[in-house]
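**Student:** sequence first, then the predicted structure:
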Amino acid sequence: MAEEFALSQNIQDAHDTMTRSICTVDAGRFVTVSYDCMMKTWQPDGLAPNLYVGREYAPHIGHVMACCRIPACDSYPQGAVATAAKEEVYVWNAAASPEPQAPLAVLKSHTGVVSALAASADGLIVSGAWDKTARVWRGGVEVACLPHAQQVLCAACLATGAIVTGSSDRTIYVWTPQADGSYTTTATLTGHSDAVRAVVPLPGSMLLSAANDGTVRQWALSGECLQSVEASPLLIYALCVLPTGEWCTGGEDRTLRIFRDGACVQSIPHPSVIWSLACLESGDLVAGCDDGGLRIWTRNAERRITDERVLEAFAESTLSGKVGGIEVGKLPTEAALHQPGERPGQQLIIRRGLIPEVHVWSGTKWDYVGQVVEGPGAATEGDGLTPPKMELDGKVYDVIFPVELSNGTKYQIAFNLDDQPYTVAQEFLWKHHLSQDFLMQIADFVRQQKEVYLERLSLARAGQLGPPTEQPPKPVNVFTPDTPPAAMPAPAAAPAEEEECAYFPSVCVPFEGGNFEMMVKKIAEFNARVDERWQLTPAELAQLRSLAASLKVSTSCRVTAAQYAALHRKILHWPHDLVFPGLDLLRAAAASTALTRRYSDDAAFSTYILPVLLLRGLSDDSTVACRMLVLRWLANLLASPHSAPLLLAQAEQILDSAAGCLSANKPHVLISLATMLFNFSVHFAKDPECTSELKLACMSVLKELLDEEKTSDVTLRSLHALRLLIQGDEVARALAMEELDFQSNLSALSSSTHRDARLCAKALLAAP
């Protein structure tokens with residue numbers, strides 16, 4: 001049994017901000033790069049060999065996103081190090097010399113930020129970027145360009161000569177070299193439900209991958225998924241394989257986890273988010289963190305820190321901030337579980353390492369319910385230095401920041417300090433109907449603004465600066481890289497409005513979030529009023545409270561078997577006037593990958609859960625609230641690759657049931673209906689086998705929506721769905737324009753005062 005890792009060195013100020021990537025150089029050295037635009041080399045201190053000292057090697061123009069070691073080869077006989085800043089890749093002699101030198105080569109071809117680097121044993125360099133390409137270089141010359149559907153976030157080179165890339169489209173691609181020097185996709189690995197962040201080769205023609213969905217998957221290069229492990233409740237950013245065959249992860253939950261045979265054998269809390277991991281030749285682990293620090297971990301007793309004061313200070317630093325609104329440092333430890341509870345159903349939140357855990361007293365023992373997980377804590381309110389929250393669109397936020405597109409269009413991004421940047425970015429795109437091409441760029445922008453805000457707050461509390469201003473800063477032209485993405489080019493001059501192009505989204509829209517405290521409060525209140533057969537036990541109520549707390553933090557949370565049972569076993573039988581808070585929690589949980597996975601594995605979903613919910617939510621005697629929530633539950637299931645096939649198999653029945661909701665004539669019901677129809681249309685548009693009858697059924701409901709509804713949001717979403725159904729399908733277009741007479745609706749809308757609806761209607765009329 002291997003020893004546990006222990007802290008060897010805590011380098012708190014390794015960089016000024018996020019340590020984005022790490023690579024080893026030789027037996028004693030490694031390289032780090034950061035958002036502070038700096039590359040540093042690290043080597044053992046001559047006076048204290050167990051300690052590493054860093055040296056600034058090369059400043060860059062722009063954030064440095066990635067680095068990798070290039071082994072000694074014909075192109076670089078002494079070996080080299082590659083770094084990525086903005087759209088360029090730099091090759092340095094850092095592998096041979098610790099002294100700063102000019103770059104050996106600068107590789108220019110990308111038109112978007114380079115976010116991934118890898119190198120083969122024979123000196124081939126692979127770069128992946130936000131321009132949706134991976135590019136292959138040899139001796140400073142581009143030899144191949146590998147196109148992707150979305151941004152390339154990670155890459156690896158295999159001993160066979162093949163290249164592996166991971167993308168924000170949730171897919172992994174295996175590229176095999178051909179005799180003419182080109183590369184062909186020989187395998188496409190699908191299974192992750194969110195952006196793929198890391199790919200690492202394994203012995204025996206296998207591969208390990210990690211993604212934003214919190215899972216790590218082991219693959220055969222043929223495409224078969226050999227194992228899937230739920231490795232984190234939040235996003236995973238870093239993955240590393242150890243010489244022992246173990247592997248480790250780091251990410252948004254600030255925890256380094258060591259896995260052996262698919263099971264977590266050690267969890268190590270960190271002071272901030274972990275962005276990068278590397279295993280040194282000594283077997284030690286290096287973790288690069290969001291606060292700019294490096295933490296080095298060892299299994300060697302001689303390299304461990306033994307000073308208790310240092311270890312206590314580090315442990316205290318991991319408890320800073322809040323998780324789920326809870327001050328972690330003030331929670332009791334697991335020793336509290338040795339004391340009996342006062343009554344059955346009593347809840348106890350304890351701290352196990354960095355993560356708060358919820359336990360409930362059964363009457364004889366404390367039963368584990370689940371974890372409360374969240375990213376780094378937000379600023380403390382009411383200290384006289386934290387500015388008041390600001391309001392936008394009726395909601396309050398910590399930060400509201402103006403941005404401006406290159407064509408002069410201005411928007412505002414609003415977020416709270418405990419929001420995940422990736423989620424903020426996605427919601428911003430959906431709200432303003434912007435291209436998915438900007439997802440990663442906006443997420444990084446939000447993260448940078450959060451860092452600036454927290455830095456100013458820290459200086460203010462230290463008396464070095466006034467409190468962060470509550471006035472928004474000057475607009476920043478954030479969405480205009482030097483060459484904008486092709487899907488949304490910036491015009492040379494602002495055109496007249498009638499010459500602008502309509503934007504048609506093609507990604508499913510979920511309904512996430514909600515007032516989780518009110519949901520569980522109402523469930524507990526109504527529980528006492530339902531028939532005794534369907535009342536939830538104290539333990540089941542505790543399961544739902546834990547689930548609500550997890551969903552409030554992230555839709556990437558786990559859904560345990562006990563929580564799944566509590567959601568479906570009894571609540572579905574509650575009366576119409578009492579069931580709505582349970583349906584709301586079910587709707588929110590349906591945005592969770594963990595729940596939709598359980599649906600895909602549960603035979604009772606199609607035979608019991610779906611029929612009951614269609615009957616309870618979409619029948620003539622259903623309440624307005626029930627109709628809205630079941631429609632949103634269906635929309636969320638269609639947004640997941642795990643549950644969408646279950647609904648598509650019964651699409652005709654669902655569409656027929658949903659049509660009855662038109663009689664409700666309530667805005668919240670109708671936007672829910674329009675969104676569900678749009679999500680169905682996303683799938684119908686992608687399926688070449690989709691029948692005209694099925695599209696007609698969907699368009700018939702859309703027609704009734706457009707005939708009766710004048711609300712701009714419902715109209716616009718209906719037009720977006722219509723475009724998906726008729727684009728490239730002459731039969732569907734004829735059915736829409738002639739049999740259903742959408743021509744009349746579009747003609748009327750082409751003179752609408754609502755700009756987006758007018759542009760969409762004109763585009764649909766003009767389409768061939």
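**Tutor:** Now that the structure is in, tell me what you want to look at.
**Student:** after the helix or strand where Gln543 lies comes which helix or strand?
**Tutor:** Here Gln543, judged by DSSP states H and E, is contained in helix 538-553. Counting by DSSP H and E, the next helix or strand C-terminal to helix 538-553 is helix 561-568.
**Student:** with only the CA atoms kept, save that next one in CSV.
**Tutor:** Extracted in CSV, the C-alpha atoms of helix 561-568 (Å, rounded to 0.1, in the frame of the first residue of the first chain):
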residue,chain,number,x,y,z
ALA,A,561,-29.9,6.8,-5.1
ALA,A,562,-31.6,7.9,-1.9
GLN,A,563,-32.2,11.4,-3.3
TYR,A,564,-33.5,9.9,-6.6
ALA,A,565,-35.9,7.7,-4.7
ALA,A,566,-37.1,10.6,-2.5
LEU,A,567,-37.8,12.7,-5.6
HIS,A,568,-39.9,10.1,-7.4
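**Student:** who are the packing partners of the helix holding Gln543?
**Tutor:** Judged by 3 or more Cβ pairs under 8 Å, 6 or more residues apart in numbering; DSSP states H and E, the packing partners of helix 538-553 are strand 355-361, strand 366-371, helix 516-527, helix 561-568, helix 580-589. Yep, even glycine has a C-beta here, placed from its N, CA and C like the rest.
**Student:** now the angle from it to helix 516-527?
**Tutor:** For helix 538-553 against helix 516-527, the angle by axes from the mean of the first three to the mean of the last three Cα atoms, to 10 degrees is 160 degrees.
**Student:** only the buried residues of helix 538-553, if you could.
**Tutor:** Neighbour counts over helix 538-553 (16 or more other Cβ atoms under 10 Å) mark 538-553 as buried.
**Student:** let me know which of the helices and strands packed on helix 538-553 is tucked in deepest.
**Tutor:** helix 580-589 (a mean of 25; mean count of other Cβ atoms under 10 Å).
**Student:** list the contacts of it.
**Tutor:** Residues from elsewhere that reach helix 580-589 (Cβ atoms under 8 Å, 6 or more residues apart in numbering): 511-514, 516, 518-520, 522-523, 526, 544, 547-548, 551, 559, 567-568, 571-572, 574, 595, 617, 623, 625-626, 629-630, 632-633, 636.
**Student:** which ones are touching Thr160?
**Tutor:** By Cβ under 8 Å, 6+ apart, Thr160 lies in contact with 176, 205.
**Student:** phi, psi of it?
**Tutor:** Note on Thr160: backbone dihedrals following degrees, to the nearest 10 are phi -80, psi -10.
**Student:** how near is it to Ser120?
**Tutor:** Counting by Cβ to Cβ, to the nearest Å, the separation of Thr160 from Ser120 is 10 Å.
**Student:** circling back to that earlier point, centre of the chain to the helix holding Gln543, how far?
**Tutor:** How far helix 538-553 lies from its chain's middle: 22 Å, per Cα atoms, centre = their mean, to the nearest Å.
**Student:** quick one: mean pLDDT over it.
**Tutor:** Averaged over helix 538-553, pLDDT sits at 86.
**Student:** okay, the angle between that helix and helix 580-589?
**Tutor:** Here helix 538-553 runs at an angle of 50 degrees relative to helix 580-589 (the same axes, to 10 degrees).
**Student:** what is the least confident helix or strand in this protein?
**Tutor:** None of the helices or strands of the chain scores lower by mean pLDDT, DSSP states H and E than strand 322-323, at a mean of 53.
**Student:** flag the shaky bits of the stretch 651-768 of the chain, pLDDT-wise.
**Tutor:** The model of the stretch 651-768 of the chain has pLDDT under 70 over residues 709-712, 768.
**Student:** all helices of it, in order?
**Tutor:** Ranges of helices within the stretch 651-768 of the chain are 651-659, 667-686, 692-708, 712-726, 730-734, 742-749, 755-766, based on DSSP state H, counting those that start in this stretch.
**Student:** which one of those helices lies closest to Pro641?
**Tutor:** Among the helices of the stretch 651-768 of the chain, the nearest to Pro641 by Cβ to Cβ is helix 667-686 (10.1 Å).
**Student:** how far does stretch 302-311 sit from its chain's centre?
**Tutor:** Put simply, stretch 302-311 sits 36 Å off its chain's centre (Cα atoms, centre = their mean).
**Student:** start to end distance for it?
**Tutor:** Its start and end residues considered, stretch 302-311 measures 16 Å (Cα to Cα, to the nearest Å).
**Student:** how about stretch 29-40?
**Tutor:** 11 Å.
**Student:** what residues of stretch 257-264 count as buried?
**Tutor:** Neighbour counts using 16+ other Cβ under 10 Å place 257-259, 264 of stretch 257-264 among the buried residues.
**Student:** Asp602 reaches Leu610, doesn't it?
**Tutor:** No. Taking contacts as Cβ atoms under 8 Å, Asp602 lies outside contact range of Leu610: 10.5 Å.
**Student:** quick one: which of the two has more around it?
**Tutor:** Taking other Cβ atoms under 10 Å, Asp602 and Leu610 do not tie; Leu610 has more neighbours (22 against 15).
**Student:** can you pull the pLDDT of the closest residue to that one other than its chain neighbours?
**Tutor:** Among residues not flanking Leu610 along the chain, Gln650 sits closest, at 6.8 Å (Cβ to Cβ, 6 or more residues apart in numbering). With respect to pLDDT, Gln650 scores 92.
**Student:** near Gln650, how many other residues are there?
**Tutor:** 14.
**Student:** that one is in contact with Thr607, isn't it?
**Tutor:** No. Gln650 is not in contact with Thr607 according to Cβ under 8 Å; the separation is 10.9 Å.
**Student:** quick one: Ala639 from Ile609, how far?
**Tutor:** Here the criterion is Cβ to Cβ. By it, Ala639 lies 18 Å from Ile609.
**Student:** which stretches of the stretch 501-650 of the chain have low pLDDT?
**Tutor:** For the stretch 501-650 of the chain, the stretches flagged by pLDDT under 70 are 501-503, 556.
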